[in-house]
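# build me a model from this:
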Amino acid sequence: MVVRIRLSRFGCKNKPFYRVMAADSRSPRDGKHLEVLGYYNPLPGQDNEKRMGLNFERVKYWLSVGAQPSEPVERLLFRAGLLPPPPMLAMARKGGPRDTRTVDALTGRILHQGKPSIANKDGDDGKQETAEP
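Numbers count the residues shown, from 1 in each chain. Here you go, the predicted structure:
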């Protein structure tokens, strides 16, 4: 049995509320679950912050026994400090060609792999010339 840590939707129309659950990967989204691990409210409250609560000990347990978090839960666990940042790709537009440059998870800026070398103003590129015998 493959266990996934995923979100299960509760709440009303246009007012979602999610529970973080450990469930069998074959069960439906709002179906049978093994354990409730926390909650996530994506709508901002009066202090304009998204609310989230997790049972860290149980989440660590499920991750240690091999449970795989879904992509949204992986982002939540990164924000909570339980997982390293997930690999992200920048996308030009929805449905368009994908940009394969990596994006910094904290700032959302594109990371450049290498910087081109720039010569100095006097034409010297920083290398010392040696006389060959």
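# please identify the helix or strand for the closest residue to W62 other than its chain neighbours.
Counting by CB to CB, 6 or more residues apart in numbering, W62 lies nearest to A22, which is 5.0 Å off, once chain neighbours are set aside. Just so you know, the C-beta spots here come from the backbone N, C-alpha and C atoms, and that holds for glycine as well. If you go by DSSP states H and E, A22 is part of strand 15-24.
# and what of F10?
Assessed by DSSP H and E, F10 sits inside strand 3-12.
# go on, V73?
For V73, the element it lies in under DSSP H and E is helix 71-80.
# mind listing what's buried along that helix?
Buried positions in helix 71-80, judged by neighbour count with 16 or more other CB atoms under 10 Å: V73, E74, R75, L76, L77, F78.
# could you export the residues you listed as a markdown table, including distance to V103 and pLDDT?
Output for the buried residues of helix 71-80, formatted as a markdown table (distance: CB to CB, whole Å; pLDDT from 0 to 100):
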| residue | distance to V103 | pLDDT |
| --- | --- | --- |
| V73 | 19 | 88 |
| E74 | 15 | 87 |
| R75 | 13 | 85 |
| L76 | 18 | 85 |
| L77 | 18 | 87 |
| F78 | 13 | 86 |
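# could you save the residues you listed as JSON lines and add columns showing distance to Y40?
Formatted as JSON lines, the buried residues of helix 71-80 follow (distance: CB to CB, whole Å):
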{"residue": "V73", "distance to Y40": "9"}
{"residue": "E74", "distance to Y40": "13"}
{"residue": "R75", "distance to Y40": "10"}
{"residue": "L76", "distance to Y40": "6"}
{"residue": "L77", "distance to Y40": "11"}
{"residue": "F78", "distance to Y40": "13"}
